[in-house]
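**Student:** What follows is a predicted protein model with its sequence.
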Amino acid sequence: MNCIIVDDEAAARAIVAHLCEQVDGLRVVDEFPNALQAIKYLNKNKVDVIFLDIHMPDFTGFDFIDTLKNPPKIVLTTSDRNFAIEAFEYDCIVDYLVKPITLPRFIKAAEKVKSFKAKTASITASNADLATPAPSPSEKELYVNIDRRLIKIEFSKIYLIEAKGDYILIKTEDKNYTVHSTLKKIEEKLPESSFLKVHRSFIINFKKIIDIEDNSVLIARDVIPISRSNRPELMKRLNLL
Amino acid sequence: MERPSLNYIIELSGGDAAFQDKLIAVVKEELPEEIKIYQGHMRDSAFAKAAEDVHKIKHKLGILSLEQAYELAIAYEEELKHGNSRLRAQFEKILEQCVDFISDL
């Protein structure tokens, strides 16, 4: 896989280039200290992966991605922990590395890129036989940023999400996660086939409902209010006898 | 008290001395320059720009294995964005240590 490195810091470029050398099949074809030079290069050349710093003067990593018509796979490299949620709104972003990057963490990112590339190739190859495309991993799970770690949560395990000021509380069968985000943002990421906002402070996985009584729903051990405006949509989604 | 070290660089290099030398040379060149730009912005009370400088310097603190200093830099960067320079003295003391450390390399 051919890759380029875009970072305004020479030390960061040297580190990523060295890390790339440690991974079989990953070849650095060029490095750029700013996004504009990288855009010029990409107008004439194709690459498989971009290791991209977010925080650059004048033109941020996200601005850079927005300029690309068909972006390759992108691994973000940053000293900022706060962009993880925004990062995963881009389909092309495969991973998010917080500087200073360690070799084990970099290898994990490289493996993810390889696996995404392999999946893309397999989907492309089998598209002719499929009525609908295979589901992407993002339809099965969600990554949340907690204390510098991106934690995978499977949608099928979530039963409730509650708004708590600037945070949301994600309740799963195994444990609960408090994440700095909003109900609106996570709602956009959840599959409609399972999740529904039943109240301004609650989204439920309606496949996990135990029972419904008047204007409340019992889900696991939580009794959640259903607002009057959301009740008709909930009833529509249920398989009523 | 936490001190700068080459632990991260050595671990990252996997014994590749040429890479160690290269990275140390880059840090020796970049860090003083970044500090100079930061100091200029602080002199002008351009705190938002200084926050960006701290952001960049923060990575160098990580490279020099300064974990606590890295956390302090995160807090300082955030506070500078809001015009608060409360952590300035602490941060600048760390910078002095870093400059002393790299000039001895």
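**Tutor:** Structure received.

**Student:** what separates A:Leu160 from A:Phe83, distance-wise?
**Tutor:** The gap separating A:Leu160 from A:Phe83 is 27 Å, by Cβ to Cβ, to the nearest Å. All C-beta atoms are positioned from the backbone trio N, CA, C, and that covers glycine.

**Student:** In terms of neighbours, single out the busier of those two.
**Tutor:** More crowded of A:Leu160 and A:Phe83, by other Cβ atoms under 10 Å in any protein chain shown: A:Leu160, with 21 against 18.

**Student:** is any part of the helix or strand where B:Leu61 lies close to chain A?
**Tutor:** Element membership for B:Leu61 (DSSP states H and E) is helix B:47-63. Yes. With Cβ under 8 Å from any Cβ of the partner chain as the measure, helix B:47-63 is seen reaching chain A through B:52, B:55-56, B:58-60, B:62-63.

**Student:** now these: which count as buried?
**Tutor:** Among the residues of helix B:47-63 next to chain A, those classed as buried by 16 or more other Cβ atoms under 10 Å in any protein chain shown are B:52, B:55-56, B:58-60, B:62-63.

**Student:** Same list, these, but as JSON lines with distance to B:Glu79 and pLDDT please.
**Tutor:** Listed next are these as JSON lines, based on distance: Cβ to Cβ, whole Å; pLDDT from 0 to 100:
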{"residue": "B:Glu52", "distance to B:Glu79": "14", "pLDDT": "93"}
{"residue": "B:His55", "distance to B:Glu79": "13", "pLDDT": "94"}
{"residue": "B:Lys56", "distance to B:Glu79": "17", "pLDDT": "93"}
{"residue": "B:Lys58", "distance to B:Glu79": "13", "pLDDT": "96"}
{"residue": "B:His59", "distance to B:Glu79": "19", "pLDDT": "96"}
{"residue": "B:Lys60", "distance to B:Glu79": "19", "pLDDT": "97"}
{"residue": "B:Gly62", "distance to B:Glu79": "19", "pLDDT": "97"}
{"residue": "B:Ile63", "distance to B:Glu79": "23", "pLDDT": "97"}
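
**Student:** Nearest to B:Leu95 among those?
**Tutor:** Using Cβ to Cβ, B:Lys60 comes nearest to B:Leu95 of these, at 9.4 Å.

**Student:** just checking, that closest one touches B:Glu30?
**Tutor:** Yes. B:Lys60 is within contact range of B:Glu30, at 7.1 Å (criterion: Cβ atoms under 8 Å).

**Student:** tell me, what's touching these two both at once?
**Tutor:** Common neighbours of B:Lys60 and B:Glu30, using Cβ atoms under 8 Å, 6 or more residues apart in numbering or on different chains, are A:Ala11.

**Student:** Kindly report the domain assignment for chain A.
**Tutor:** The record's domain split for chain A, according to automatic domain parsing, is A:2-128, A:137-237.

**Student:** For chain B, what is the nearest residue in chain A?
**Tutor:** Using Cβ to the nearest Cβ, A:Pro100 is the residue of chain A that sits closest to chain B, at 3.6 Å.
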